[in-house]
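Colleague: Requesting a structural model of the entry that follows:
(one chain, ligands or ions: 1)
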Amino acid sequence: MPPAEWVPGILEHAFVSTVMEIQKTADTVIIGGGIVGCAAAYYLAARGVRVLLLERGAIAAEASGANLGAVGASSGVPGATLAHTKKSLELLAHDADELGRPVEFVRAGLLLLAGSEAERAEVQEFAATRRQEGIEAHLLSADELRNLEPGLGPGMVEGAYVPGDGHINPFLLTYAYAAAARRRGAEIREGIEVLRCDVAGGRVTGVMTPAGRVDTRRVIVAAGAWSSTLLAALGVELPVRPGRGQMLVTEALPALTPRVLRTPAINLRQDARGHVLIGSSVEYAGYSREVTLPTLARFAQLAGEVMPALRDAKIIRTWAGLRPMTPDGLAIIDTVPGVEGLILATGHSRTGFSYAPVTAWLLEQMITGGQTALPLEPFRLGRFAAPTADHTVSGRA
Ligand SMILES: Cc1cc2nc3c(=O)[nH]c(=O)nc-3n(C[C@H](O)[C@H](O)[C@H](O)COP(=O)(O)OP(=O)(O)OC[C@H]3O[C@@H](n4cnc5c(N)ncnc54)[C@H](O)[C@@H]3O)c2cc1C
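Modeller: Numbers count the residues shown, from 1 in each chain. Model prediction:
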């Protein structure tokens, strides 16, 4: 967890329960209090669904509190999910106004930078594929880049600029969804782990916790990188595994950039207090949250190349978080064949904040209406039964 002074409002967030008593029934139990679970609770509670969200630790204490906070339509996969990320950004902009708390949503754009001739092709393809699907994206020459971002290093030779993308404070957004869900009637409990889901006669009947059993006919698994362990006991094989991402954050610096700056190797952004967040790796190291010197040293080096003003900045903190990675980098939003009432909302990989609002919106439609307004096909569990293309998710952190 960050120091309390790092995020204003962190102390207002006080859901921690001291009592272990738990309600005995719920329409829907959501497992996990990350961005996916909290956004889902908010959307479902608005439709009158009696939601109980169970989080074993604290809200946003895992991947949702460890990330860079880059959000944007451009993070979708061309041909598959750009419509979803476009919708998600629209929902996020709406929610940011409605949630009743500041979430530090800054929509000043994203710059994907080429730091070498070899990286130009990726940048050009990124801009072209986004434009083809109606997302505003411009290719900028080295001179145009410097007009937009005077602090860029001399090695940045070309860039793709997506003005509609941006960043948010991931803690504040997750807390805001949780608080607003509560105001809409959702029950949110921290410090309560779901030990198992109970299934009888081919349908969900409840969940077991150390505080007792909750009867329910619907469970949404939003347990991030731990979703597969939870479901293995039911014989459901979920291709979700922890992908460690390391990050570092600098001291507060004078304003450098309002944008997300991305190269094929790193991402950075400056927060509302002037700290620059820099990351992030994807490493398959089990559930280890260790940070390593070679990775952080490389981030520091690359960040100085992107913005020379960062070369002398002091690092005040480093950390690692565990992304719920799928083989193709796309989430799993689906029901489970043979287990009625069991719904998956997990595997959001490197772009959970870009997809969280649309995930919650799709879940709301699945649960209250049946038919979804955008296709669920890219997110179906069944896609892993057949060999899949490993999508290159370029809009990622
Ligand atoms: C370094 C890093 C940088 C990133 N940068 C970005 C970015 O810029 N933009 C972006 O969109 N995404 C980014 N991501 C990815 C993003 O953070 C994730 O996709 C997203 O947070 C996943 O949200 P989640 O709610 O599914 O999982 P989590 O936030 O991990 O939440 C799952 C929750 O479930 C709880 N849980 C697990 N098991 C149980 C149980 N049995 N009972 C009760 N609770 C349980 C956990 O305690 C946890 O709080 C980044 C991730 C990392 C690590």
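
Colleague: just for this structure, where's the confidence low?
Modeller: Along the chain, the parts satisfying pLDDT under 70 run over 1-19, 386-397.

Colleague: domain assignment for it?
Modeller: As assigned by automatic domain parsing, the chain contains the domains 20-67+171-240+328-384, 110-163, 241-325.

Colleague: quick one: the strands in the stretch 51-200 of the chain?
Modeller: 51-55, 70-71, 110-114, 138-141, 158-162, 166-167, 187-190, 196-200 (DSSP state E, counting those that start in this stretch).

Colleague: Mind listing the strands the second one pairs with, and their directions?
Modeller: What that stands for is strand 70-71. According to DSSP bridges, strand 70-71 has the following sheet partners: strand 166-167 (antiparallel).

Colleague: Could you measure from residue 79 over to residue 378?
Modeller: Residue 79 sits 9 Å away from residue 378, going by CB to CB, to the nearest Å. C-beta coordinates here come from the backbone N, C-alpha and C atoms, glycine included.

Colleague: Please identify which of these two sits among more neighbours.
Modeller: Comparing residue 79 with residue 378 by other CB atoms under 10 Å, the one with more neighbours is residue 378, at 19 against 12.

Colleague: residues in contact with the more buried one?
Modeller: Contact partners of residue 378, counting by CB atoms under 8 Å, 6 or more residues apart in numbering, are 77, 80-81, 84, 330.

Colleague: doesn't residue 301 make contact with residue 266?
Modeller: No - applying CB atoms under 8 Å as the test, residue 266 and residue 301 come out as separate, 9.5 Å apart.

Colleague: Have a look at these two and say which one is more surrounded.
Modeller: Neighbour tally, residue 266 and residue 301, criterion other CB under 10 Å: the higher count belongs to residue 266, 23 against 12.

Colleague: That one - nearest residue in space that isn't next to it in sequence?
Modeller: residue 302 (4.7 Å; CB to CB, 6 or more residues apart in numbering).

Colleague: Now do that neighbour against residue 285, distance only.
Modeller: With CB to CB as the criterion, residue 302 and residue 285 are 21 Å apart.

Colleague: Could you check which of the two is surrounded by more residues?
Modeller: Legend: neighbour count by other CB under 10 Å for residue 302 and residue 285, higher for residue 302 (17 against 14).

Colleague: Am I right that that one is in a strand?
Modeller: No - counting by DSSP: H, G, I helix; E, B strand; the rest coil, residue 302 falls outside a strand, being helix.

Colleague: mind listing what it touches?
Modeller: Contacts for residue 302 (CB under 8 Å, 6+ apart) come out as 115, 263, 265-266.

Colleague: Just put those residues in a markdown table and tack on secondary structure and distance to the ligand.
Modeller: Converted to a markdown table, the contacts of residue 302 look like this (DSSP: H, G, I helix; E, B strand; the rest coil; distance: CB to the nearest ligand atom, whole Å):
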| residue | secondary structure | distance to the ligand |
| --- | --- | --- |
| 115 | coil | 19 |
| 263 | coil | 14 |
| 265 | coil | 14 |
| 266 | coil | 11 |
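
Colleague: buried subset of the residues you listed?
Modeller: Buried members of the contacts of residue 302, counted by 16 or more other CB atoms under 10 Å: 115, 263, 266.
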